[in-house]
Each structure stands twice: as C-alpha cells, then as structure tokens.
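K.L.:
Pasting a predicted model and its sequence here:
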Amino acid sequence: MARPWAAALALGVVVLALWQGATAAGTIDPFFLPAPSAIAQRLWEDLLGGTLLTYVRPTLVEAAAGCALGAVVALPLGYLVFRSRVADAALSPYIAASQAIPAVAIAPLLVIWVGYGLVPITVLCGLLVFFPILLATVHGLRTLDRDVVDAARLDGAGGWQLLRHIAAPLALPSVLTGVRNGFTLSVTGAVVGEFVMGGNGLGTLLSIHGQSADTTGLFAALVVLCALAMTIYGLLTAVERRLARR
C-alpha cells in the first residue's frame with residue numbers, strides 16, 4: 001500500500017513539470033508566472049546570501065510571541081467557559097461574533113492604539129490564535145473520560161488536583177491541536193501586520209518585491225512562508241502524536 005504522502009508528492013511533481021514546461025515553451029509569460037527553476041534559483045541565492053534568515057527570523061518571533069499571548073489568554077478563559085455555564089452563555093456569542101472581523105480590519109486600529117513595530121503585530125497574531133486555542137481547550141475539557149474524573153474524585157482529588165493531574169494531561173492533545181492550527185494563523189497575522197504596521201519580516205520582503213514588480217521574488221517569499229507554516233505544523237503534529245501514545 002502506498003504511503004499517504006506519495007499521492008501528494010506525485011501530484012506536486014506533475015504540476016511543477018507542467019508549469020516548467022509551459023514557461024519554457026513560452027505558453028506562460030515568466031513575468032506573470034516565473035518558472036519553478038527560476039524560483040528555486042532565487043531561493044538558493046537568497047539562502048546563500050543570508051537574506052532569507054534575515055527576514056524569516058522577525059516573522060517567526062512575532063508569530064511565536066503572538067501564539068504565546070493568545071494561549072495565555074485562551075487557556076484560562078477556556079477553563080472558565082468549561083466550568084461555568086454563566087460564563088459560557090455570556091461570553092460565547094461575543095467570542096463567536098469577533099471571528100467575523102478580518103485581521104486586515106483590526107491592523108489599522110492597532111496602529112492607532114499601540115503604534116508600529118513588534119507589539120501591535122504580536123497583539124494581532126494573538127487575536128488570530130486565541131479562538132482556535134479556546135475552542136480546542138473547551139473541547140478537550142468537555143470530552144474528558146468521566147470514569148477517570150469520577151475515580152479521581154473518589155480518591156479525594158479536589159478542584160486544583162483534578163485540573164493539574166487529570167484534566168490538563170487528558171486535554172493536552174486537544175489543546176495542542178488548537179496551538180498547531182493557531183500557529184499557522186499566527187504566521188499569517190505576522191505577515192499581514194508587517195504589511196500595515198511595519199517590521200523586518202517576510203511581509204516586508206513581500207512588499208519590497210511587490211513594489212519592484214519582482215514576481216520571482218514574490219513567489220520565492222511565498223514558498224518560504226508555506227515551508228515555514230508546514231514545518232511548524234509538522235513539528236507540532238509530531239509532538240501531539242507522541243503525547244497521544246503515552
């Protein structure tokens with residue numbers, strides 16, 4: 001039986017081959033859609049020149065800081081929503097309504113309220129990460145094995161002990177799923193934030209290439225963004241699976 005990634009890899013190879021052939025034959029204007037070989041060459045040159053690391057590092061820092069900020073707020077709030085029906089009824093409509101507001105609309109407000117730089121971008125990333133982590137936390141707590149919880153209570157475990165030794169470990173895989181999904185959104189938030197609020201990351205690099213109509217550079221930066229998000233997603237998935245085996 002073929003491995004799960006074999007079909008995806010085969011499809012990717014076919015698409016790249018057709019793309020390369022179309023640009024080489026002149027069917028597609030390289031100005032609008034540069035050849036994969038040209039994009040790969042630009043990536044290699046930027047990697048050797050240190051350009052990629054220079055722009056990747058700030059975006060990664062902003063995304064990580066935003067993810068941490070979102071988690072710090074979402075985790076206790078998720079526990080509160082789980083424990084209190086009143087809190088659930090009062091907060092859930094507003095939390096759901098807030099998800100209809102796009103990040104691009106929030107960014108200008110953060111500029112007015114906070115200014116430019118790392119802090120407003122981190123806040124924007126935190127807002128994007130907050131909802132997935134909150135939902136995952138509530139889901140993880142609500143799907144706890146009731147037999148395990150009841151057995152712990154019979155052994156004399158109180159509220160804090162239940163949270164620390166039972167609820168938190170059992171809900172952790174679900175929480176990590178929220179963090180995994182949220183972190184990819186955080187990378188997007190960092191790029192959007194750099195477009196509007198300045199910075200030195202991949203969003204700035206995209207702006208530079210866009211202003212100079214450098215489509216090869218734009219595609220190279222997009223490839224780096226995709227690779228960054230996929231790497232983070234894969235690492236967090238591996239951690240989640242490892243914890244699930246315990």
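P.N.:
That came in fine, so what should we check first?

K.L.:
Show me how far stretch 20-40 is from its chain's centre.
P.N.:
30 Å (CA atoms, centre = their mean, to the nearest Å).

K.L.:
for this structure, longest helix please?
P.N.:
Secondary structure of the chain per DSSP state H: the longest helix is helix 51-83.

K.L.:
on contacts alone, who are the packing partners of that helix?
P.N.:
Helix 51-83 is packed against helix 36-49, helix 85-98, helix 118-142, helix 168-197, helix 202-211, helix 215-245, with contacts defined by 3 or more CB pairs under 8 Å, 6 or more residues apart in numbering; DSSP states H and E. All C-beta atoms are positioned from the backbone trio N, CA, C, and that covers glycine.

K.L.:
Now do that helix against helix 85-98, angle only.
P.N.:
140 degrees (axes from the mean of the first three to the mean of the last three CA atoms, to 10 degrees).

K.L.:
Stretch 31-47: how far from the chain's middle?
P.N.:
Counting by CA atoms, centre = their mean, stretch 31-47 comes out at 25 Å from the chain centroid.

K.L.:
got it, and stretch 229-242?
P.N.:
Worked out by CA atoms, centre = their mean, stretch 229-242 lies 11 Å from the chain centre.

K.L.:
What residues of that stretch count as buried?
P.N.:
Applying a neighbour-count criterion of 16 or more other CB atoms under 10 Å, one finds 229, 232, 236, 240 buried in stretch 229-242.

K.L.:
which residues are contacting it?
P.N.:
Residues from elsewhere that reach stretch 229-242 (CB atoms under 8 Å, 6 or more residues apart in numbering): 173, 176-177, 179-180, 183-184, 187.

K.L.:
center of this structure, which residue is that?
P.N.:
Among the residues of the chain, the one closest to the centroid is residue 184, at 1.5 Å (CA atoms, centre = their mean).

K.L.:
list the contacts for that residue?
P.N.:
Contacts of residue 184 by CB under 8 Å, 6+ apart are 229, 232-233.

K.L.:
tell me the pLDDT at it?
P.N.:
The confidence metric pLDDT takes the value 87 at residue 184.

K.L.:
next one: residue 89
P.N.:
87.

K.L.:
Kindly report the same for residue 139.
P.N.:
For residue 139, pLDDT reads 85.

K.L.:
hmm, back to that, mind putting the helices and strands packed on helix 51-83 in JSON lines, distance to residue 55 included?
P.N.:
Below are the helices and strands packed on helix 51-83 laid out as JSON lines (distance: least, CB to CB, whole Å):
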{"stretch": "helix 36-49", "distance to residue 55": "9"}
{"stretch": "helix 85-98", "distance to residue 55": "30"}
{"stretch": "helix 118-142", "distance to residue 55": "14"}
{"stretch": "helix 168-197", "distance to residue 55": "9"}
{"stretch": "helix 202-211", "distance to residue 55": "5"}
{"stretch": "helix 215-245", "distance to residue 55": "8"}
